[in-house]
Each structure stands twice: as C-alpha cells, then as structure tokens.
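S.K.: Show me how the following folds:
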Amino acid sequence: MKKKLFACAAALLLSAALFAQETNLVEYVNTRQGTNSKYEFSYGNTYPATALPFGMNTWTAQTGKNGEGWKYQYFEHTIRGFQQSHQCSSWVNDYAVFSLMPVTGKLAVSEDERAASFKHENEIAQPSYYKVKLDNNITTEISPTEWGAHLRFTFPKGLNSYLVLDGYTKMSGITIMPGERKITGWVNNCRWAPQGFKNYFVIVFDKPFTMFGTWENKKNQVSERNLSAEGDGVGAYLQFKNGETVSAKVASSYISPEQAELTLQTELGSYKTFDDTHKAADRVWNTLLGRMQVEGGTEDQKATFYSCLYHANLFSHQFFEYNKEGKPCYYSPYDGKIHDGYMYTDNGFWDTFRAQFPLNTIMHPKMEGQYCQALLDAQQQCGWLPAWSFPGETGGMLGNHSISLLADAWAKGIHTFDPKKALEAYYHEATNKGPWGSANGRPGWKEYFANGYVPYSQKTQGATAWTLEFAYDDFCGYALAKSTGNKFYENVFGRQMYNYKNLLDPKTRFMRAKDEQGNWIEPFDPMDWGGPYTEGNAWHWTWSVFQDVQGLINLMGGDKNFTAKIDSVFSEPGTIKVGGYGQVIHEMTEMAEFKMGQYAQGNEPIHHLLYLYNYAGQPWKAQQHLREVMDKMYNASENGYPGDEDEGQMSSWFVLSAAGFYSVCPGTDQYVIGSPLFKKMTITLENGNKLIIEANNNSKQNVYIQSATLNGKPYMHNWISHQDIMNGGVLHFEMGDKPALNRGLAEEDKPFSLSAK
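M.R.: This is a model prediction of the structure:
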C-alpha cells in the first residue's frame, strides 16, 4: 500500500512539473517587482534576487553603493556590481556580501568608476535567470544554485576584458590561483554574528587569466600580480583575452574553505555549461510555481500572482550545508560552532508569522518541520528563541512569535519537535527581557503579568502593541500546551491570553494605552501614529486579537457595532498625524497614497482586518474589499506592492488571498475564506494530493460568493481547515455580482474564537 501511495504522489508531482515546464511559468515572474523604492516611500523595498527557493544565497545587480540598504532601485541607471546577497530588509542592510563587476577598456576598480549605465529594456529578471546588456556592450548573465551560482560575462570584441571582485565592507581575504583559473577568499561583513564569522567562497573560471592582482576599496590602490591579500575591503581583479566570453562557477560556505570547494563540486560539478545550470534552475522554479497552477484571470493577474509566489518562497534562507557524507550541518550564527542538522536565518517573525509561515505549512510541511526543530536548536545555542535572525539574533520589532510558528505547525500535524521543550523555551522568553531589541524576551513582562498590560511611558514606546502581541503569543503557548496535555503551561498561558481586554476602551471602541495606575492616557487621537503603537495608530492596532475576534466583538457591543467600526476604517479620511514619531515615515505616505481611508495594507498590523467581517455576519464585505485591495494595491511591476514586502509576508498575503482564504489566527488549523481571484487554482501538495479551487462565473465584478461545495457537499462555513486542504479535493464556489446576504451566518460557520457570542 505504501509503495502505491508513493507512486501516486510521485506521479502527481511529476504532472505538476511537466505542466510547469510546458508553460514556462518563470516567464510570468518579474523579480524587479517592488524595486522602485526609496527611503521615503516603499513599493516593496525588494531587489531582483536570482535564487533558488529558500537558497542560502541570492544574486542581484547592484545599483546602490556598498553598505547601503537600497541595493537595487529601479529609477537608478547604473550598475556597480553583481552581488552575492542575503538581505531580507533594506532597513537592516546586508551581510556576507561580495560582488563581481565586468569592466571593458581601461581597468577601473572603484565602485564609482567601474559603474556602467544600462536600460531596463536590456534586462531579463527572472528567478532562475538574470541577464543585462550594459550600455558599454558587456552582457552579464546569472543562474543560481542553492549554495552558489553560475555567471557568464560576454565582453565586446576588440577591447580589454576585466573582472573586478569587490570585498564590500569590513575585512576580507583573497587568494588568486592563475594555474587553476581560480579565486578563493572570504568576507566577514555582518552586523549580527559571532566573532570570527566568515563567508568563504571559491570561484572557478573557464578561461585563463592574462593579468591579475589585488586591490582594496578604501583608497582603491591596485597591486598588480599580487596573488593574495587580507585587509579592509580587499578584492581582486582579473584580465582575460580581449573580447572573451567567460563563465564563472561560484560556491560559498560559512563552515570552511574546504566546504565551499566540496559544495562547488557537488552542486555545480555536473553542469558543464552555463546553459545547463540555467535549465536546471528553470526546472526547479517551474515545478514550484506549477504547484499552484492558476487558470482564468488576465495575463497581468497571472504575472502578479507568480511574482508574489516567487517572493513568498525566498525567505527564510537555508543556513545549513551538506558535508562529505551528505549530511546536513551548519555553522551556528548564535554560538559560532559547527552543529549537525538544519538551520534557517534571515526572517523577522513579526512580519511573517501571519501568512508566510502558514503558507509554508501548506506548500512545504517537510521544511516547516525542520524549521521548528531549528528554532529550538537556536534557542539552545543563544539562550533565546529567534525573533528576527540576520543571521544571528537581532531582537527586531515586537512579540515572541517563534511560539506562533511552533504552535501553528503542531496544530497542522507537523510534530517534528518536542512540545515540552518548546513550551519551556517560550516560558523563558515570556518571563525575561533579553539583551537585544524589543522582541528578545519581553520588555515590561513583570507589569504585563501583574497588571494584564504593559503601562505606557516614554520608556515603553509601543506598549499597547506589545500587550496585544503578547496576548496572542500566550494563546499560542496555551494552544500548544492544551493539545499536548501540558496542564502547567496551559494554565500559565491561559491566564494571559485575554489580556487584550484590559486595553479596549468601551467608550471609543479603540485599543488604548494606560498608565501604571490603570488610567487611560490623555489626550487621545486614534489617528496619532506611534507612541503606544508600533508603525501604526489605533485604527490599525485595535484589531490585533487574532485569537478571540468574538471576544472583541462582544467588547464592542455586538456584530453591528463591530462591522460599523471596520467600515469606519475606510470612511475615515486618510489623514496623516505623525503623533509620537514626530515626522512622516514611509508607512504613513503609503497608506495615504492608496486613498482607502485609514486602511494601511502596506504594513502588517492590518493584514487580517478584512477577513474579520466573516466573524460578524457580513462575509460579503470581506469579499468585496479583498478583491479591491488585490486589484488596486498589487501588480507585477516595479511599483508592485503597497509597502515593504517583508521577507515574503506581503506576497504570501496575496498568494493566500488569491487562493480564497487566509490565516487570521496561526496556531489554529483554520483559514478564513475570502474571495478567490482566479476561476481555477490547482494546488499540488507534498503528500501527492491536489486541492482544486473552482470559482465559477468569477470576474472583476463577480466577487461575491453565492454558494459553495466541498467535494460535492454544500459548504456554508466561512473557514476551511488545514486538514481539508491537505486531504485535497474540490472546493467549488459559485460567484456573482451581488452579495449573498444570508450565507454563512450560523454560529458554526464563524471561524475560531476563544470566546462565545
């Protein structure tokens, strides 16, 4: 029986792969989606990452200066290099970077002098292939592997042909081996990593060097024929025969130079040519994209969907490698030692617990299981659960959302870790304050436990947001404890998960700040940003009660008051009041740009809001607003997002919403139903099953669900379980242009809440 099931699963995955290859879905993806961003306004703050899904490294063209967070901005017109990158946010910069830049004519090593102009019409920007013809007629091509890349540089005939390796910021080392057509080296640029951190790399070329040397990027001094150097910003340059076409295979390792060499052989050794590597990368991406096959919709909608699906599968980065025995191992960015097993980095969970990780539980449950164990391993190595690893722990943003990932995985049948150890680690997180950032342990944890909220003061900026996030995380701890029979932690966290109630002002129906004595902080203006809120205001944060929407409805006086309050988010003017920030930040201007009142899709606190209509008897309003947001705020262009893309969260919101459901409360096994974007989507799962989502009569006008069936049986719920998704089958919707006002109103049709009506 097991053999039969395995054969069936393999056949289904092969079918998805064959479909993807026939349609070449990578051509729908624009990796420059969201790159027209700057400090003042973000259309995504992305860069055109050429990479395999969750690969250790990405590669990108570099328009910005070394050390800048904005490494590729669409409105810039010169390229300074082609980087190995790991950046998950412009706001935290990059690490373990080095770059290669082809130069023709006269040798120029400095990033300003070697920069070459280009035009976007001379670019191809796909996940598996990047190509640009610079205005000086040099063509650069890149195709990725998981731990390396294959590059090809075509120089113009009759002119000198140089390649410059830049060591980026901080220290680096270089060794040139002309006889082997090889460069080895390391860079250690990184803000959050143990002492001694290095990214070791090896580059092998298919053409001999006619000249070579080292240089450093502070004074741009060149040492001709020098074979090795170490120092601040040390790099190398190579000269090839005039007009040469040069291919370079690159691999890197955080473990050792020997591991980098091993990876080069095992990962790139079988690819004789650049085109071989490109074809292999195409196969990987087409197979993955084909696992969410869409039909119907416009070509623009398909481009947006597949570009978002690409971005949803970049982060977290693998931080493990395979040793000579073929077993996974890694250099720990927490304790600086080598360990067996899996490790992942480059993710801020405050952003991604909401949709990116729930999407992984559907599409990549095996990886999610490895990830959960890696979280507990990381906690053992640094003493704290990760909150934002880059690659070590930064403690960025707020909340203790590792527990969300763990509880969500467990609720969905991913049992690869010891739940008792997970609860112990979370208890430590919830009863201490760590040394890094506001998401490393808990600021104000004593007051939170004693008073049921974190009092607001100048020293506790964000206190109201903290309280709401802590209460949700405590629910996740409670849910994991309850489902695993751990009464002690069930009781501990069960007492705290209702703490949101302490900050809901019944008079204004907003989440507000209190002082230590329990008094409301005055004056109060719900449009004021900052202060007790993080990157938002009361209009955005009042809804952060993922675990108990019904309890929030009760506090607001019932369904009618609740839905009227959500309606007001859109009817209020999109006025910006800087509040505690004292100045305009980009999240404010992004909200105002889309002219939907106080609705701010460009930042995470409000991502679940539209789905809350399902809890209060008006699911049709969710359907209408969701389709409007998908239509107005997302596209596949350089202006593709309504704000920071944030390690796949903004994209995962779109991918799940386009499928017709969303993870309002990770830590439960439910997804809340919205309005599917396409007439048909076929999701091929790791277990070999297929979930087919049909939306008959779907169109831009027909956004309202009239009726639904699941595997042929009438389906009235405003939610679908994870198990129903993983079982596969057909979820069928009949769509229309008018709301079905009487559908999905029964109590059992409402999604999960802790409280009863």
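S.K.: C-alpha only now, for contacts and for neighbours.
M.R.: OK.
S.K.: Next, give phi and psi for the nearest residue to Leu504 once chain neighbours are set aside.
M.R.: In space, Leu504 comes closest to Met511 once its chain neighbours are excluded; the distance is 4.5 Å by Cα to Cα, 6 or more residues apart in numbering. Met511 adopts backbone torsions of phi -70, psi 120, taken as degrees, to the nearest 10.
S.K.: Hmm, Gly233 is touching Ile174, no?
M.R.: No. The criterion here is Cα atoms under 8 Å, and Gly233 misses it with Ile174 at 10.3 Å.
S.K.: So which of those two has more stuff around it?
M.R.: Set Gly233 next to Ile174 and count neighbours by other Cα atoms under 10 Å: Ile174 wins out with 27 against 23.
S.K.: ok, now how distant is the closest residue to Lys621 other than its chain neighbours from Lys750?
M.R.: Take Lys621 and drop its neighbours on the chain: the residue closest to it by Cα to Cα, 6+ apart is Tyr613, 6.5 Å away. Computed as Cα to Cα, to the nearest Å, the Tyr613 to Lys750 distance reads 10 Å.
S.K.: Same check on Ser316?
M.R.: Relative to Lys750, Ser316 is positioned 33 Å away (criterion: Cα to Cα).
S.K.: So for the two, which sits in the more crowded spot?
M.R.: More crowded of Ser316 and Lys750, by other Cα under 10 Å: Ser316, with 26 against 22.
S.K.: Now do the SS call for the closest residue to His608 other than its chain neighbours.
M.R.: Of all residues not flanking His608 in the chain, Val664 sits nearest, at 5.6 Å (Cα to Cα, 6+ apart). Three-state assignment for Val664 (DSSP: H, G, I helix; E, B strand; the rest coil): coil.
S.K.: Shouldn't Met397 be within a strand?
M.R.: No. Under three-state DSSP, Met397 falls outside any strand and is assigned coil.
S.K.: if I pick it, what's in contact with it?
M.R.: Contacts for Met397 were tallied using Cα atoms under 8 Å, 6 or more residues apart in numbering; they are Gly348, Trp350, Trp388, Gly437, Ser438, Ala439.
S.K.: Gly729 pairs with what?
M.R.: Leu691 (DSSP bridges).
S.K.: Can you give me the neighbour number for it?
M.R.: Gly729: 18 neighbours (other Cα under 10 Å).
S.K.: That one and Gly688 touch, don't they?
M.R.: No. At 11.6 Å, Gly729 does not count as touching Gly688 under the criterion of Cα under 8 Å.
S.K.: and after the one helix or strand in the chain whose mean pLDDT sits lowest, which helix or strand comes next?
M.R.: Least confident helix or strand, the chain: helix 2-23 with a mean of 49, by mean pLDDT, DSSP states H and E. Once the chain leaves helix 2-23, the next helix or strand it forms, by DSSP states H and E, is strand 58-62.
S.K.: Just list what that next one packs against, helices and strands only.
M.R.: strand 81-85, strand 139-144 (3 or more Cα pairs under 8 Å, 6 or more residues apart in numbering; DSSP states H and E).
S.K.: Now tell me what touches that strand from outside.
M.R.: With contacts defined as Cα under 8 Å, 6+ apart, strand 58-62 is touched by 47-52, 71-72, 79-86, 142, 144, 149.
S.K.: That strand to strand 139-144, inter-axis angle?
M.R.: 160 degrees (axes from the mean of the first three to the mean of the last three Cα atoms, to 10 degrees).
S.K.: Report back the residue of this structure that's furthest from centre.
M.R.: Most distant residue from the mean C-alpha position of the chain: Gly158, 44.7 Å away (Cα atoms, centre = their mean).
S.K.: Please report the distance of Ala740 from Phe733.
M.R.: In this view, Ala740 and Phe733 are 12 Å apart by Cα to Cα.
S.K.: Touching both of these two, which residues are there?
M.R.: Ile705, Gln706.
S.K.: circling back to that earlier point, report how many residues lie close to the residue nearest to His608.
M.R.: Val664: 27 surrounding residues under other Cα under 10 Å.
S.K.: isn't it right up against Tyr671?
M.R.: Yes. The pair Val664 and Tyr671 qualifies as a contact (Cα under 8 Å) at a distance of 6.6 Å.
S.K.: sorry, back to before: for the residue nearest to Leu504, give me its contacts.
M.R.: Neighbouring residues of Met511 by Cα under 8 Å, 6+ apart: Thr464, Leu503, Leu504, Asp505, Ala538, Trp541, Thr542.
S.K.: still on that earlier bit, in terms of packing, which of Ala740 and Phe733 has more residues around it?
M.R.: For Ala740 versus Phe733, the count of surrounding residues by other Cα under 10 Å is larger for Phe733: 25 against 16.
S.K.: still on that earlier bit, the residue nearest to Lys621: how many residues sit nearby?
M.R.: Close neighbours of Tyr613, defined as other Cα under 10 Å, add up to 22.
S.K.: Check Ala409 too.
M.R.: If you count neighbours by other Cα under 10 Å, Ala409 ends up with 28.
S.K.: Could you do the one 10 residues further on as well?
M.R.: The number of residues packed around Pro419, counting by other Cα under 10 Å, is 21.
S.K.: circling back to that earlier point, was I right about the residue nearest to Lys621 contacting His625?
M.R.: No. With contact defined as Cα under 8 Å, Tyr613 does not count as touching His625 (10.2 Å).
S.K.: Name the SS class of Asn554, please.
M.R.: Three-state assignment for Asn554 (three-state DSSP): helix.
S.K.: Skipping adjacent residues, who's closest to it in space?
M.R.: Lys757 (6.8 Å).
S.K.: separation between the one you found and Tyr478?
M.R.: Lys757 sits 21 Å away from Tyr478, taking Cα to Cα as the criterion.
S.K.: The two - which one has more neighbours?
M.R.: Taking other Cα under 10 Å, Lys757 and Tyr478 do not tie; Tyr478 has more neighbours (27 against 11).
S.K.: Could you name the helices and strands sitting against the helix or strand that one falls within?
M.R.: For Tyr478, the element it lies in under DSSP H and E is helix 463-483. Contacts defined by 3+ Cα pairs under 8 Å, 6+ apart place helix 463-483 against helix 402-411, helix 419-430, helix 487-494.
S.K.: Just put the ones you listed in JSON lines and tack on distance to Ala659.
M.R.: Below are the helices and strands packed on helix 463-483 laid out as JSON lines (distance: least, Cα to Cα, whole Å):
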{"stretch": "helix 402-411", "distance to Ala659": "20"}
{"stretch": "helix 419-430", "distance to Ala659": "31"}
{"stretch": "helix 487-494", "distance to Ala659": "33"}
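S.K.: just so I know, which of those helices lies nearest Asn603?
M.R.: Nearest to Asn603 among those is helix 402-411 (18.9 Å), distances taken as Cα to Cα.
S.K.: what's the first-to-last distance across stretch 729-745?
M.R.: End-to-end distance for stretch 729-745, by Cα to Cα: 25 Å.
S.K.: ditto for stretch 577-594
M.R.: End-to-end distance of stretch 577-594: 17 Å, with Cα to Cα as the criterion.
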